[in-house]
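# can't give you the sequence, but here's the structure:
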């Protein structure tokens, strides 16, 4: 009987001590859906359409080697639009302090990748671009704050914005 009581006591104690404190958790918001289109709105990632890219490769500029591939799967929406589904993979470097006047509020980081788009088997038809992803890191959130393509801002997100899959559209 006493053995049964101690078993119940330990189980109840374990449940109480495993209380979940949501305020102490850091929210992670770094998923990107990256669409490529031309000025006419054509999906450039659909290799079956004339004038679109037939493939792409991604190299981490901050990688430990000159050639540091980053795997970004190509996916398709229910509307048959193709996009690059980036979650993580490139190294991040510290960019700066978010608020120098208020230490401890966070730090920003960034990743840089060189994307080579292939149009045909001819190497001269390849198109390259630099994708930079900037992240905001505070005690409560780690999130994408800005995305630049070839130095131009193509996406930004406010600090208090809800967690979501961040949709980035690059027009070539």
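Cool, got the structure. As the structure is a computational prediction, the values presented were derived from the model and not from experiment. Numbering: from 1, shown residues only.

# flag the shaky bits of this protein, pLDDT-wise.
Where the chain drops to pLDDT under 70, the residues are 1-24, 97-105, 121-123.

# what segments of it are helices?
Counting by DSSP state H, the chain has helices at residues 2-17.

# can you give me the strands in this protein?
Using DSSP state E, the strands of the chain run over 27-29, 32-37, 55-60, 74-76, 82-86, 93-97, 107-118, 127-137, 141-149, 152-156, 166-171.

# buried residues of the third one, list them for me.
So that's strand 55-60. For strand 55-60, a neighbour-count test (16 or more other CB atoms under 10 Å) marks 56, 57, 58, 59, 60 as buried. Bear in mind the C-beta positions are built from the backbone N, C-alpha and C, glycine included.

# what bridges to the second one?
Here residue 57 sits in beta bridges with residue 116, going by DSSP bridges.

# I figured it hits residue 67, correct?
No - using CB atoms under 8 Å, residue 57 and residue 67 do not qualify as a contacting pair, with a distance of 9.8 Å.

# who's in contact with stretch 159-167?
27-33, 35, 136, 138, 141, 143-145, 147, 155, 157 (CB atoms under 8 Å, 6 or more residues apart in numbering).

# any idea how far that stretch is from the middle of the chain?
Counting by CA atoms, centre = their mean, to the nearest Å, stretch 159-167 is centred 11 Å from the centre of its parent chain.

# buried sites along it?
Under 16+ other CB under 10 Å, the buried positions of stretch 159-167 are residue 166.

# also stretch 64-84?
68, 70, 72, 82, 83, 84.

# greatest separation within the residues you listed: which pair is it?
68 and 82 (24.3 Å; CB to CB).

# residues contacting the closest residue to residue 92 other than its chain neighbours?
The spatial neighbour of residue 92 that comes closest, neighbours along the chain excluded (CB to CB, 6 or more residues apart in numbering), is residue 109 at 4.2 Å. Listed by CB under 8 Å, 6+ apart, the contact set of residue 109 reads 92, 93, 94, 95, 134, 135, 137.

# JSON lines for those, including neighbour count and distance to residue 115?
Listed next are the contacts of residue 109 as JSON lines, based on neighbours: other CB atoms under 10 Å; distance: CB to CB, whole Å:
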{"residue": "92", "neighbour count": "17", "distance to residue 115": "17"}
{"residue": "93", "neighbour count": "11", "distance to residue 115": "18"}
{"residue": "94", "neighbour count": "10", "distance to residue 115": "23"}
{"residue": "95", "neighbour count": "17", "distance to residue 115": "20"}
{"residue": "134", "neighbour count": "21", "distance to residue 115": "17"}
{"residue": "135", "neighbour count": "20", "distance to residue 115": "18"}
{"residue": "137", "neighbour count": "19", "distance to residue 115": "24"}
